[in-house]
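K.L.:
Sequence first, then the predicted structure, then my questions.
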Amino acid sequence: MNTEITKPLAVITGASSGIGAATARTLSGQGHPLLLLARRAARLDALGLPDTLARSVDVTDADAVSAAVQEAEARYGPADLIVNNAGVMLLGEVAEQPADEWRRMLDVNVTGLLNGVRAVLPGMVGRGHGTIVNVGSVAGRKSYPHHTVYSGTKFAVHGMSESLREEVAPHGVRVVTIAPGAVETELLSHTTDAAIKADYQAFKDAIDILTPEDVAAAISYAYQQPQRVTLREIVLAATAQAA
């Protein structure tokens, strides 16, 4: 463990691009050592951030997530923050969408998030201190066409987060849900239906949507509040995004 580090360890899943990478840069700039998890290890290394442990981990592998957290904590001290950002968005019509796309979204967006929570939560509860940030979506608060399963996973994130918050509040642990609208990330590229993808891209191109840095700033703001203050949910979207 580097004795010169004064800020606590932050863990970020889905850190190779988009919101995860922007959050990594933001927290690193504030002096936090980081554990960055994603499947694309080269992208994590390319961020070039100091005091950072980067590991190629699929969040659906609970043992791998837990092992990476243990390795980072041995090096940098206890994890005080996790940002559960890893997610996939596979838009489609339920009548036609391949069932394996449903399973992938449920595995990553729901089970993967729980794996991240489980890897840090016992330590946080034991110390009576810590913050869990779960990245939801405005699609976890209202429905949109072609978002049926994706929206279902994000409604699950919002519901689980609020229930978890109530569960761990007596232990001094905070749970924050960040619910962005459309963001300029690679998320849309996961969608395999070309027509749906084109329609969504046209919507994104028509307005000045959020940047990953906008969302990272919201995450940082929530975390920087005194530990006695929990911003339970932050919903943010481009001003021009009406729905």
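P.N.:
Here it is on my side, so go on. Residues are numbered from 1 along each chain as shown.
K.L.:
Contacts for the top helix by length along the chain next, please.
P.N.:
For the chain, the helix that runs over the most residues, judged by DSSP state H, is helix 148-168. Here helix 148-168 makes contact (CB atoms under 8 Å, 6 or more residues apart in numbering) with 87, 89-94, 97, 101-102, 105-106, 109-110, 113-114, 117, 121, 124-125, 132, 134-137, 139-141, 143-144, 174-177, 179, 230, 232-233. (C-beta placed from N, C-alpha, C; glycine too.)
K.L.:
Give me the subset of those residues that lies in strands.
P.N.:
Applying DSSP state E to the contacts of helix 148-168, the entries found in strands are 132, 134-135, 174-177, 179, 233.
K.L.:
Counting neighbours, which bits of the helix or strand of the chain with the lowest mean pLDDT end up buried?
P.N.:
The helix or strand of the chain with the poorest confidence is helix 194-206; it has a mean of 92 (mean pLDDT, DSSP states H and E). By 16 or more other CB atoms under 10 Å, the buried positions in helix 194-206 come out as 196-197, 200.
K.L.:
sorry, back to before: mind giving me the ChimeraX command for buried ones among the contacts of helix 148-168?
P.N.:
Burial among the contacts of helix 148-168 is assessed by 16+ other CB under 10 Å; the matching ChimeraX selection reads:
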select :87,89,90,91,92,97,101,102,105,106,109,110,113,114,117,121,124,125,132,134,135,136,137,139,140,174,175,176,177,179,230,233
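K.L.:
I am finished for the moment; much appreciated.
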